[in-house]
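# Got a predicted structure here, sequence first:
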Amino acid sequence: MVWEGISTRLRKPLYHVVGNLTGVRYQNEILQPLVVPALQAIGPRAILQDDNAPPHRSAAVNTFIQQARVNRMLWRANSPDLNPIEHMWDELCRRVQQHDAPPANLGQLLQWLQQEWNGVLRAFICNLIHSMRQRCVECLAHNGEHTRY
């Protein structure tokens, strides 16, 4: 598993999660050292958008987020996947698949992912994030059904 974080102002390096990601590990390895400092650098209007993965919604994580005063965007379970990070994953997948052969091992895959991650233009990331409002408008207009996104 690989974790990534984006905003219009910065992009976090890919983080390779070895083994199962629990709520406590998510808090200790990702939120505390990577996410909270990034949100603080962005400023008081920064909002964390994660998904409803079990580690993201654990009691320990919820408590930590409240104590750290993190603004979190709330999503309903089974909601349409409008999160821009999903489109980043699609972009990374396309880029890695353009290599002449599949990666020989996990190390090479991680190296390619980081290389491609570094190659994604900031304008692409900003466009994904700035399209959120329109994504939500379209989702509402289509009653949560399929949209062009």
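Okay, I see it. Numbering: from 1, shown residues only.
# so who does the residue most central in space within the chain touch?
Geometric centre of the chain, nearest residue: residue 85, 4.2 Å, by C-alpha atoms, centre = their mean. By C-beta atoms under 8 Å, 6 or more residues apart in numbering, the contact list for residue 85 reads 4-6, 49. Quick note: C-beta positions are derived from backbone N, CA and C, even for glycine.
# rerun that using 10 Å as the cut-off
By C-beta atoms under 10 Å, 6 or more residues apart in numbering, residue 85 lies in contact with 3-6, 49-51, 125, 128-129.
# and if you look at residue 124?
6, 87-88, 91.
# How about residue 54?
So residue 54 contacts 21-23, 26, 61 (C-beta under 10 Å, 6+ apart).
# Drop anything exposed from the residues you listed.
21, 23, 26, 61 (16 or more other C-beta atoms under 10 Å).
# Among the residues you listed, which lie within helices?
When DSSP state H is applied, the buried ones among the contacts of residue 54 are split such that 23, 61 fall in helices.
# The strand or helix carrying residue 129: how far from the chain's middle?
Per DSSP states H and E, residue 129 falls inside helix 122-130. Counting by C-alpha atoms, centre = their mean, to the nearest Å, helix 122-130 is centred 13 Å from the centre of its parent chain.
# just checking, next helix/strand downstream of it?
helix 132-141.
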